[in-house]
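Asker: Predicted structure and sequence below. I'll ask about it afterward.
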Amino acid sequence: RSRGLGDVYKRQGNSDIFVYMFDANMIQTWGTYLGGTSYEDAMGIKFDNLNNLYLFNRTSSVDAPMVNPGGGAFYDNVYADNQDYWLVKFDVNGSMAWSTLYGGDGLEGLSYSQVEINDNNDVIFTSSTRSTVMSLLDPGNGAYYQTTPVGLNDGMGGSQGSGFLMRFDENAVLLHGTYMGEDNETNYIQGQTKGKNGEHYLLFQAKAFPITTLTGAYNVSNADPTKYGYMAMEMTSDFAINWASYVHSDSCYMERMVSDIDNGRLYITGTTQATDFPYTDPGGGAYYDDQWNSGANRAWAIMEFEICSTPDQPSTISGPTDICEGETVTYSVTNDPSADSYTWTIPNGWTGTSTTNSITVTADNSSGNLTVIANNSCGGSDQQTISVTVNLETSASITETACKIYTSPLGNDYTSSQVIVEVLTNAAGCDSTLTIDLTVENPDVSTSLQDETITANATGVTYQWLNCEGNTVISGCLLYTSPSPRDRG
């Protein structure tokens, strides 16, 4: 069926692939056969970050439709033998943009095969192969890379096999091609999923594939290396193995994997015969059953791993809770080694920035909350808060008059008229600016002596005459002339 979208092919072989597309209302908008004159099998399907559609197939047709987009894209249109991988890309219009074979002389692919897209828009195909000669590429930077394991013999089902990983960029250029297996064994990559920060996760069937431990992580070896177990692996963004652990020491058949990127969780599920399965109740209403049915042969099991952990809530914020308007102060929390940075928020009007575990701020006249969050590549912690009260500065103005000398509140002496500004401390411990309009009067107290009369030289003023003996007031003497010296004694 075609509604004007995409290429349409007719059924040709004894088993073709059929592609359906539906819109948001579940109305079919595209439907087409896809294949050659022999056998095709669909193994995986995925949209990339640009809405291109990738199909992961296998084929035994020599005439399956091929497209070479050029530009360094991987391209092989020569069918080898037994069934090859068949990688197909359709653009947003449904046109075939890339189609290539990838394989050797043995059997490629099983139902465990998957395709995944990472945040770089790289396309990762994982599957199994029994071919001895596959296109390999070591990307370097510590990426896992393995040449042909001993024991592969270009056989079909039942012969020894190996896991295989292919990674392409969005232009179909091969970035990474590697076997993943053990000598003289059969290994499968059962599942894959992407992580939050470029990591990639694999679910791998193996017997004695080495574990890679991390401090504090779930690190379990295979209790019986003569029997197959299932491993969870974390690869870095460069596809180096950062962690690898068997999901249980024995008797587990865990065959599916999915990630919850937003919450940093990895889930693995399958069946188990282990009565000592590592039961853990996460709480919060999660389904939990730790009782083994004695009449059962196997039980379904699910495991949840924390693969991306945000920092803990920062410690109590150190710093004053009462400050003054315009004051510059520093606040801090204990540094968390798991944090890459910190996000501080300060009240409106304050100034100061920081991405470390401390911040120096200058307050304006607004009280408020100061908060901090610890961050890493997985996200941010719960916030820590401190409430800060800003005490305001005060001011006042007074008028003072003094005779000859004035002593200010700060103990400074002034002998002339002027405006004085002094900064005191108010009851809240903040600055209080006092403006003093000061007048200092310096009267003329000189006198003249004529015969027995003492005359004050100043005019336009009144005087109070004093008796020099005891400095007592001479009653009634407010005139410019004084009593005679004889009268004053």
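Answerer: Received the coordinates, thanks.

Asker: Which residue comes closest to Asp340 once chain neighbours are left out?
Answerer: Asn376 (4.7 Å; Cβ to Cβ, 6 or more residues apart in numbering). From N, CA and C alone the C-beta is placed, and that goes for glycine too.

Asker: Tell me how many other residues surround that neighbour.
Answerer: By other Cβ atoms under 10 Å, 18 other residues sit near Asn376.

Asker: Show me what it bridges to in the sheet.
Answerer: Beta-bridge partners recorded for Asn376 (DSSP bridges): Gly379.

Asker: again with Asn391
Answerer: Cys324.

Asker: before we move on, what about the one 4 residues further on?
Answerer: The residues paired with Ser395 through beta bridges, assigned by DSSP bridges, are Thr433.

Asker: That one is in contact with Asn426, isn't it?
Answerer: No: Ser395 is beyond contact range of Asn426, at 9.6 Å (criterion: Cβ atoms under 8 Å).

Asker: Touching both of those two, which residues are there?
Answerer: Residues touching both Ser395 and Asn426 by Cβ atoms under 8 Å, 6 or more residues apart in numbering: Ser432.

Asker: Look at the two and report which has more neighbours.
Answerer: Using other Cβ under 10 Å, the more surrounded residue of Ser395 and Asn426 is Asn426, with 16 against 12.

Asker: Contacts only, for that one.
Answerer: Counting by Cβ under 8 Å, 6+ apart, Asn426 makes contact with Glu393, Thr394, Ser432.

Asker: do the same with Asn376
Answerer: Asn376 sits in contact with Thr310, Pro311, Ser338, Ala339, Asp340, Ser341, where contact means Cβ under 8 Å, 6+ apart.

Asker: so where does the closest residue to the fourth one other than its chain neighbours fall, helix or strand?
Answerer: Of all residues not flanking Ala339 in the chain, Ala374 sits nearest, at 3.9 Å (Cβ to Cβ, 6+ apart). In this structure, Ala374 sits in strand 368-376 according to DSSP states H and E.

Asker: list the buried ones in that strand?
Answerer: With burial defined by 16 or more other Cβ atoms under 10 Å, the residues of strand 368-376 counted as buried are Gly368, Leu370, Thr371, Val372, Ile373, Ala374, Asn375, Asn376.

Asker: swap in stretch 150-169?
Answerer: 151-152, 154-155, 160-168.

Asker: Go through those and name the one nearest Ile27.
Answerer: Closest approach to Ile27 among the buried residues of stretch 150-169 (Cβ to Cβ): Phe168, at 32.2 Å.

Asker: Distance of the closest one relative to Val361?
Answerer: In this view, Phe168 and Val361 are 50 Å apart by Cβ to Cβ, to the nearest Å.

Asker: which residues does Thr280 contact?
Answerer: Thr280 sits in contact with Glu304, where contact means Cβ under 8 Å, 6+ apart.

Asker: Next: Leu50.
Answerer: Contact analysis of Leu50 by Cβ under 8 Å, 6+ apart lists Val92, Asn121, Glu170.

Asker: Now do the last one, the pLDDT please.
Answerer: Residue-level confidence at Glu170 comes out at 97, pLDDT.

Asker: Dig out what Met303 forms beta bridges with.
Answerer: Beta-bridge pairing of Met303 under DSSP bridges involves Ile268.

Asker: List the residues that contact it.
Answerer: If you count contacts by Cβ under 8 Å, 6+ apart, Met303 has them with Val247, Met254, Tyr267, Ile268, Thr269, Pro278.

Asker: burial count for the last one?
Answerer: Applying the criterion other Cβ under 10 Å, we find 12 residues in the vicinity of Pro278.

Asker: Quickly find the element holding the residue nearest to it when sequence neighbours are not counted.
Answerer: Once flanking residues are discounted, Pro278 sits nearest to His248: 6.8 Å by Cβ to Cβ, 6+ apart. If you go by DSSP H and E, His248 is not part of any helix or strand.

Asker: how much space between His248 and Tyr228?
Answerer: To Tyr228, His248 is 12 Å away according to Cβ to Cβ.

Asker: List the residue ranges of the chain that fall below the pLDDT cut-off.
Answerer: Applying pLDDT under 70 to the chain flags the ranges 1-13, 111, 476-489.

Asker: hmm, 80 instead?
Answerer: Applying pLDDT under 80 to the chain flags residues 1-14, 110-111, 157-159, 294, 445, 452, 458-471, 474-489.

Asker: Could you verify my assumption that Asp23 touches Trp30?
Answerer: No: between Asp23 and Trp30 there is no contact under Cβ under 8 Å: 9.6 Å.

Asker: If anything else comes up later, I'll come back, but that's it for now.
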